[in-house]
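Visitor: requesting a structural model of the entry that follows:
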Amino acid sequence: MKKLSEKPRSKINITIFVLIICLGNTFAQTDSLLPPNSGSKVTAINIKDTDIRDIFRTIAFEYETNIIVENEINKRVSVSLFNVKVFDAVKLIAEDNELEFKYDSQRFFVSNKKVIPPVIEPPPAPEEPKVEYSREKLSVELDNAELKSFVNKLREKTKKNFLITSGTDGKISGTLANIDLDTGLKNLLGNNGYYLINKDSIYYISRSAYYSSLENTNDVTKNPYWVSANGSTVTIDVTKAELSRVLSDLSNQLGLQMIKLAEPNSAVTVRCKEVPLKIAMDYLFKGTEFTYKNEKGVYLIGAKTSKGL
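Guide: Predicted coordinates for the structure are as follows:
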């Protein structure tokens, strides 16, 4: 086997020497990009419950480097580090305490992390209600449309007068195809908990049976009737009204489940404004021969003598 000649060995030694020089230059260039004394060894830092700004000031003073700390930082921390470089010490203390750590060739920068608010996309514009009216026939396609938007489209397409009674709002869904206007609207609105009446060339839309005050307006003896539910509150203004009718209005407007063990045929006079449903129900049944019981969201209606009520 041939031995390696001295000449090749010389080439290897020269190559290694050149490599060491290159690496040395690389490290020197890297160090030049760091703040002063970044590579100095920190033998030990063992501090408890101290203002973090004071810790950075101490490191900067002891190791003759520059650390810029944001004034708004206000934290008391405990630090325990051994045998680490200045660069690593500053970085670890900052990042362990959820602070932003940056540097250039002259100084370290420590600041609070910038909170970027999430981008909130605006809600999509509600789809415009689809309403067509031709030759006295109505076609609609509604999917959870706003009642007011639907009525505005009705006015535009039919050239007729529509009024939404005070306090009436909400959503409406349904599909109609080529149907008589009055028949279609009554069924569509009724199926969504609204009431429609055509009087003196005006279509009134209501959430309750307020229509009684619109009908027979020449009859001065007509008793007032107003039942309106808005979210969790109820407004009632009725005089000698059928209890059964008031309960039906409340059930339709609030989507209540009611089981009538006996027909509550009492006449009631009640006035209350924006009260919780339970209080309104108590008012309605007070002084009558009937009562109610809320059993897991289902209202049982019956005579006071009924078993279980």
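
Visitor: can you pull the poorly scored residue ranges out of the stretch 51-200 of the chain?
Guide: Within the stretch 51-200 of the chain, the ranges that satisfy pLDDT under 70 run 166-167.

Visitor: ranges for the helices of it?
Guide: Ranges of helices in the stretch 51-200 of the chain, per DSSP state H, counting those that start in this stretch, are 52-62, 86-96, 147-158, 181-191.

Visitor: what do you get for the stretch 201-309 of the chain?
Guide: Taking DSSP H, counting those that start in this stretch, the helices of the stretch 201-309 of the chain run over residues 243-254, 277-285.

Visitor: just put the helices of the stretch 51-200 of the chain in TSV and tack on mean neighbour count and distance to residue 136.
Guide: No exception for glycine: its C-beta is placed from N, CA and C like everyone else's. Listed next are these as TSV, based on neighbours: other CB atoms under 10 Å; distance: least, CB to CB, whole Å:
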stretch	mean neighbour count	distance to residue 136
helix 52-62	17	79
helix 86-96	19	74
helix 147-158	17	9
helix 181-191	16	6
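
Visitor: out of those, nearest to residue 272?
Guide: helix 147-158 (24.9 Å; CB to CB).

Visitor: so what does that closest one touch, helix or strand wise?
Guide: Here helix 147-158 touches strand 130-134, strand 137-146, strand 161-164, strand 171-180, going by 3 or more CB pairs under 8 Å, 6 or more residues apart in numbering; DSSP states H and E.

Visitor: so what's residue 179 bridging to?
Guide: For residue 179, the beta-bridge partners are residue 138 (DSSP bridges).

Visitor: show me what contacts it?
Guide: Applying CB atoms under 8 Å, 6 or more residues apart in numbering to residue 179 gives the contacts 137-139.

Visitor: so which of the helices and strands packed on helix 147-158 gets nearest residue 33?
Guide: Comparison of these against residue 33 by CB to CB identifies strand 137-146 as nearest, at 60.1 Å.
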